[in-house]
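In: Predicted model and sequence follow; I will ask about them next.
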Amino acid sequence: MRVSTVRKNSVSTVFCLLGLPFIAGLSGCAHSTQKKITDPKELLARACEPGRDIKTAKGIAWLKAQSKEASGQFPASVLAHASGPLKIEITNPLGGREALIEVSDSKFKIHGTGSKVRTQEGYGTWGGIPLNWASDLFIGRIPCPHLSSNQGQGVSTSVDSAGDLVVETRQDGAGATEKFIYHFRDLDGVPWPEALHWERSGPLAVSVDFKFDDPEDQTRSPRKWEAKSVRGEVRARWRDRNVVR
């Protein structure tokens with residue numbers, strides 16, 4: 001078992017505190033020549049590589065949410081398990097708990113404290129964002145077909161004219177389909193997934209756009225991510241992060 005720690009600089013924290021767009025910490029390093037990969041199966045493996053061996057991730061993150069479930073910007077203590085629940089404890093500037101968010105089996109509960117004592121529950125999505133990916137996002141994984149509810153279903157892969165990876169899954173029953181479109185950037189000479197457009201057709205049609213940035217050196221996990229749908233958005237940026245692999 002290996003434990004690694006990541007600490008973020010004060011500049012990133014200032015940007016988060018001021019509520020500015022999540023642009024702090026963008027890489028200014030020189031780019032190496034990217035290895036040209038056109039095999040869609042290899043690209044899918046690259047997309048699903050970040051964080052795949054992480055068992056737990058915990059630490060302090062800055063979160064920003066805009067949805068009917070919750071809105072605001074706040075620091076939070078996060079504990080995410082690869083095969084278990086996600087717990088997010090929202091704190092005030094003095095370190096006291098304001099709320100506890102628990103996500104498990106595509107269900108969420110928000111437990112308020114102090115003057116906001118109440119419990120809110122929901123299922124399936126948060127602001128249109130599928131909850132089955134909540135733990136994976138904080139673990140540091142990119143949403144992938146084999147990590148979604150479509151596990152075991154037929155999957156087709158291709159590379160479009162822009163070089164993006166297109167993955168389509170077919171579901172039984174209602175006839176819904178899912179599409180994942182990954183956009184890559186160079187990281188140490190190989191493709192790294194910096195953006196994902198996901199959409200689901202059928203009676204419960206929805207689409208989400210993800211952006212990823214600030215990859216860890218060893219795990220290649222994004223320490224900054226955002227997810228947007230027409231119903232809301234969530235942004236997260238780790239300030240301190242410890243992982244167990």
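Out: Nice, thanks for sending it over.
In: C-alpha from now on. contacts and neighbour counts both.
Out: Noted.
In: quick one: least confident helix or strand in this protein?
Out: helix 10-18 (a mean of 36; mean pLDDT, DSSP states H and E).
In: mean confidence score for the longest strand seen in the chain?
Out: Longest strand of the chain, by residue count under DSSP state E: strand 232-244. For strand 232-244, mean pLDDT rounds to 95.
In: Please work out how many residues are found near residue 141.
Out: 25 (other CA atoms under 10 Å).
In: ok, now residue 130?
Out: Here the number of neighbours of residue 130 (other CA under 10 Å) works out to 18.
In: Show the contacting residues for the residue nearest to it when sequence neighbours are not counted.
Out: Leaving out its chain neighbours, the residue that sits closest to residue 130 by CA to CA, 6 or more residues apart in numbering is residue 124, at 5.9 Å. Residue 124 is in contact with 106-107, 130-132, counting by CA atoms under 8 Å, 6 or more residues apart in numbering.
In: let's go with 6 Å and repeat that
Out: Counting by CA atoms under 6 Å, 6 or more residues apart in numbering, residue 124 touches 106, 130-131.
In: circling back to that earlier point, who does the longest strand of the chain pair up with?
Out: Here strand 232-244 is paired, per DSSP bridges, with strand 3-7 (antiparallel), strand 56-66 (antiparallel), strand 222-229 (antiparallel).
In: pLDDT (mean, whole number) over the next helix or strand after the second one?
Out: Following the chain from strand 56-66 toward its C-terminal end, the next helix or strand by DSSP states H and E is strand 71-81. Taken as a whole, strand 71-81 carries a mean pLDDT of 90.
In: how about the helix or strand just after strand 71-81 as CSV, C-alpha atoms only?
Out: The first helix or strand that comes after strand 71-81 along the chain, using DSSP H and E, is strand 86-91. Taking C-alpha atoms only, strand 86-91 is exported to CSV below (Å, rounded to 0.1, in the frame of the first residue of the first chain):
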residue,chain,number,x,y,z
LEU,A,86,-18.4,9.4,-0.8
LYS,A,87,-18.5,11.8,2.1
ILE,A,88,-18.1,15.5,1.8
GLU,A,89,-18.1,17.6,5.0
ILE,A,90,-18.7,21.3,4.3
THR,A,91,-17.0,23.6,6.8
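In: which residues touch strand 86-91?
Out: For strand 86-91, contacts defined as CA under 6 Å, 6+ apart pick out 76-80, 97-103, 135.
In: ok, now with 10 Å
Out: Residues outside strand 86-91 that contact it (CA atoms under 10 Å, 6 or more residues apart in numbering): 56-63, 73-81, 96-105, 108-112, 134-136, 138-139.
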